[in-house]
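**Student:** Got a predicted structure here, sequence first:
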Amino acid sequence: MHKFLRIVLSIIIGLNLYGCSLTPNELKTAEKLIETAPDSALHILQHVSLNEHKSDSYRALYGMLMARVLDKKPLLPEPDSLLDFSIDYYQRHPKNDYLSTCYLLRGRMYKNALQYEQAMNYYLKAQDAVKDKENYLLLGRINSDLGDIYNVQCDYTLARKKYVIAHGYFFRIKDQQQAFYSLMNIGRTYHVAKDYNSAQVYYNKLYRFAADSIQQGVLLQEIAINYYDNKQYDSALVSFRKVIRYPYRGNNKAIRYYFFADLFLDMKQIDSAYYYAKNAFNYAPDIRTQRECYRILVNSESSRGDLKALSQYMVRYQYCSDSIRKIDAQTKGSILETIHTNSNEIQKSKLHLWYSLALALLVVALSYYLYKHLYLRKNKELNATHEVLHQQQKIELHKKVVYKHQDALMYKIETIRATQLTERKKVTIPDKVALDKKIYDELLHFSDTEFFFREMDTILNNLVTKLQTRYSLLNAKEISWCCLYLLKVPTVDIYMLLDYSIGGLKKMRQRLVQKVGLSNVSELNDFLNNILSE
């Protein structure tokens, strides 16, 4: 019998391994190269023959990988049938990271086509598909793109929030390039909100993080534009003259030429304004840049007295303005996200309602049966069952509350430390300790024991009061350790906050075990969680 089972198990494992090996080696190689060598990945994919691999899973993976590679190129393709096929396949055969990636890529296609409502629909789907995962690169890209849409639609606070979240994800995986652009986008939110001084301070601090001439050029471009919009024309002129020589990506060259032209127009240098506005069209300007260049050309031809050219540029300017009005008339992304969130909550509520109704009907039927056949004895058992369910629900509720505070606390700590990264590189170890203590004071008021204990009672279901009431021998440090432990504060930070060495903390926990009547330290976790859940 055992031999037969081993044979069956071996066959099943063999089939699974065979199925896993069916993915063409070319696709595996291309997937590994997309982030580091997209040109090589594109070359591989362009020479893959789908006719040799007719499985739907191959076609779906190929379509997703091709869209990812093309997303790395300056000019994106229009939505195509390959990506449609991939989305349809991964919807029917869930693979959340791949499905979320497909949604993200489709959202980007619509975003680049300035169809923000359609883009938001796919970004929110991408976010739903990956929200419970730890794919930080994907989560960072989704939040960064959402921030772009909010920024265009003048929801600056929401845009800033999305960029901060995106930076947190990119920082975790040490993606310098995308982390840098997330920080720069935060500065842009201040600029477009006309808070030029805050934007300038932010850009100046960010300059040291630029890793190459591309990043330096983009940042210098933003600094120059900020000077210009703040009417600091001399500084703007110096910055534009400098940045015009820097390498660029996408339509940044067109943007530089447009602002340079606008600056010359303000300075009454009509020929220079005309030259840069005209040449901006050679570098794939977006529609807003096109409109502003036509405005400059209209003003230039007006000064020259060329009414025929002025009329032609005026028609084009009006066409761009009409198109932009249609773009700006789209429903705001913040409204779409709110509707999406509410819709999800309603669906969950309906599902919970049906479950509750089914459970209620089951309980009623069971109660009737028990009452009819077992009367009092069975009724007591039913009441006991209800009590257990109630206690379990209370336990789960408290756990959810604690988990929420754990995640929020760790996120806030990581975010604050990220903003202090430059400062931390320059200070001594004692100064770093002081910075860390300051973070915990700001977030938990840890130095104020009375305030900290009140806060912990609120978060941890009166844990402090229960410990003080039941175990009078416990001192403040021991109770503080219990709270920090349940909040999942890193052990290194606990050493720092309680001023313990490794040996000192070990001895403290041994004393704690004796005071609460446990036999060994390994029982502390269950002991504290049981008190938390009462």
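**Tutor:** That came in fine, so what should we check first?
**Student:** Using neighbour counts, pick out the buried residues of the strand or helix carrying E26.
**Tutor:** Assigned by DSSP states H and E, E26 falls within helix 25-33. Within helix 25-33, the residues scored as buried using 16 or more other Cβ atoms under 10 Å are 26-27, 30-31, 33. No exception for glycine: its C-beta is placed from N, CA and C like everyone else's.
**Student:** Turn those into JSON lines, columns for pLDDT and distance to K174.
**Tutor:** Supplementary listing: those in JSON lines, determined by pLDDT from 0 to 100; distance: Cβ to Cβ, whole Å:
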{"residue": "E26", "pLDDT": "77", "distance to K174": "29"}
{"residue": "L27", "pLDDT": "80", "distance to K174": "27"}
{"residue": "A30", "pLDDT": "78", "distance to K174": "23"}
{"residue": "E31", "pLDDT": "79", "distance to K174": "20"}
{"residue": "L33", "pLDDT": "79", "distance to K174": "19"}
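**Student:** rewinding a little: what's next to the helix holding E26, contact-wise?
**Tutor:** Here helix 25-33 makes contact (Cβ atoms under 8 Å, 6 or more residues apart in numbering) with 40-41, 44-45, 47-48, 58, 61-62, 65, 69.
**Student:** related to what we said a few turns ago, make JSON lines out of the buried residues of helix 25-33 and add distance to F446.
**Tutor:** JSON lines is the format used below for the buried residues of helix 25-33 (distance: Cβ to Cβ, whole Å):
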{"residue": "E26", "distance to F446": "55"}
{"residue": "L27", "distance to F446": "52"}
{"residue": "A30", "distance to F446": "50"}
{"residue": "E31", "distance to F446": "46"}
{"residue": "L33", "distance to F446": "47"}
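**Student:** Quickly name whichever of the residues you listed is closest to Y471.
**Tutor:** E31 (55.8 Å; Cβ to Cβ).
**Student:** What mean pLDDT does stretch 516-534 get?
**Tutor:** What stretch 516-534 shows for mean pLDDT is 87.
**Student:** Quick check: end-to-end length of it?
**Tutor:** 16 Å (Cα to Cα, to the nearest Å).
**Student:** mind listing what's buried in that stretch?
**Tutor:** 516, 524, 528, 531-533.
**Student:** biggest separation within these, which pair?
**Tutor:** Maximum distance among the buried residues of stretch 516-534 (Cβ to Cβ): 16.2 Å, for V516 and S533.
**Student:** Now do the contacts for V364.
**Tutor:** Neighbours of V364 in contact, by Cβ under 8 Å, 6+ apart: none.
**Student:** so what are the domain limits for this structure?
**Tutor:** Recorded structural domains for the chain (assignment: automatic domain parsing) are 335-373, 421-533.
**Student:** picking that back up, closest to L146 out of the buried residues of helix 25-33?
**Tutor:** Of all these, E31 has the smallest distance to L146: 25.2 Å, by Cβ to Cβ.
**Student:** still on that earlier bit, state the next helix or strand along the chain beyond the helix holding E26.
**Tutor:** By DSSP H and E, the next helix or strand past helix 25-33 is helix 38-46.
**Student:** outside of that next one, which residues touch it?
**Tutor:** Under the criterion Cβ under 8 Å, 6+ apart, residues 26-27, 29-31, 33-34, 62, 65-66, 69-70, 72-73 lie in contact with helix 38-46.
**Student:** Kindly reformat those as CSV containing distance to N230.
**Tutor:** Supplementary listing: the contacts of helix 38-46 in CSV, determined by distance: Cβ to Cβ, whole Å:
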residue, distance to N230
E26, 52
L27, 50
T29, 50
A30, 46
E31, 46
L33, 44
I34, 40
Y62, 49
L65, 45
M66, 44
V69, 40
L70, 38
K72, 35
K73, 35
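**Student:** Specify the local secondary structure of D271.
**Tutor:** helix (DSSP: H, G, I helix; E, B strand; the rest coil).
**Student:** Any stretches of the stretch 51-200 of the chain with poor pLDDT?
**Tutor:** Along the stretch 51-200 of the chain, the model assigns pLDDT under 70 to residues 51-54, 73-80, 132.
**Student:** Filter the contacts of helix 25-33 down to the buried ones, ChimeraX style.
**Tutor:** What follows is the ChimeraX syntax selecting those of these that are buried according to 16+ other Cβ under 10 Å:
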select :41,44,45,48,58,61,62,65,69
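**Student:** contact partners of the helix or strand that contains R295?
**Tutor:** Counting by DSSP H and E, the element that carries R295 is helix 287-304. Contact with helix 287-304 is made by 114, 251, 254-255, 257-258, 261-262, 265, 270, 273-274, 277-278, 280-281, 285, 307, 309-310, 313-314, 316-317, 320-321, 323-324, 327, as judged by Cβ under 8 Å, 6+ apart.
**Student:** hey, C-alpha coordinates of it in CSV?
**Tutor:** Output of helix 287-304 as CSV, limited to C-alpha atoms (Å, rounded to 0.1, in the frame of the first residue of the first chain):
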residue,chain,number,x,y,z
ILE,A,287,-0.5,68.7,-25.9
ARG,A,288,-0.2,71.3,-23.1
THR,A,289,3.4,72.1,-24.2
GLN,A,290,2.1,72.4,-27.8
ARG,A,291,-0.6,74.8,-26.8
GLU,A,292,1.9,77.1,-24.9
CYS,A,293,4.3,77.0,-27.8
TYR,A,294,1.5,78.1,-30.2
ARG,A,295,0.7,80.9,-27.8
ILE,A,296,4.3,82.1,-27.9
LEU,A,297,4.4,81.8,-31.7
VAL,A,298,1.1,83.8,-31.9
ASN,A,299,2.7,86.6,-29.8
SER,A,300,5.9,86.4,-31.8
GLU,A,301,4.1,86.8,-35.2
SER,A,302,2.0,89.6,-33.7
SER,A,303,5.1,91.5,-32.9
ARG,A,304,6.5,90.8,-36.3
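**Student:** how much does the helix or strand following that helix deviate in direction from helix 287-304?
**Tutor:** Per DSSP H and E, the first helix or strand lying C-terminal to helix 287-304 is helix 307-328. Inter-element angle recorded for helix 307-328 and helix 287-304: 160 degrees (by axes from the mean of the first three to the mean of the last three Cα atoms, to 10 degrees).
**Student:** tell me the average confidence for helix 307-328?
**Tutor:** Rounded mean pLDDT across helix 307-328 is 88.
**Student:** Only the buried residues of it, if you could.
**Tutor:** 309-310, 313-314, 317, 320, 327.
**Student:** Tell me how far that helix lies from the chain's centre.
**Tutor:** Taking Cα atoms, centre = their mean, to the nearest Å, the mean C-alpha location of helix 307-328 is offset from the chain mean by 37 Å.
**Student:** Over to stretch 60-72?
**Tutor:** Chain-centre distance of stretch 60-72: 21 Å, with Cα atoms, centre = their mean.
**Student:** who's in contact with it?
**Tutor:** 23, 27, 30-31, 34, 38, 41-42, 45, 48, 50, 76-77, 82-86, 89-90, 93, 98, 101-102, 105-106, 108.
**Student:** Can you tell me which of the residues you listed are classed as buried?
**Tutor:** 27, 30-31, 34, 38, 41-42, 45, 48, 76, 82-83, 85-86, 89-90, 98, 101-102, 105-106, 108.
**Student:** So what's the residue count around the residue nearest to Q216 when sequence neighbours are not counted?
**Tutor:** For Q216, ignoring the flanking residues on the chain, the nearest one in space by Cβ to Cβ, 6 or more residues apart in numbering is A210 at 4.4 Å. Using other Cβ atoms under 10 Å, A210 is surrounded by 17 other residues.
**Student:** Look at A210 and report its pLDDT.
**Tutor:** For A210, the model assigns a pLDDT of 88.
**Student:** and the helix or strand containing F259, how far out from the chain's middle?
**Tutor:** F259 belongs to helix 252-266 when assigned by DSSP H and E. With Cα atoms, centre = their mean as the basis, helix 252-266 stands 33 Å off its chain's centre.
**Student:** quick one, it and helix 287-304 angle?
**Tutor:** 30 degrees.
**Student:** buried stuff in helix 252-266?
**Tutor:** Neighbour-count burial for helix 252-266 [16+ other Cβ under 10 Å]: 252-265.
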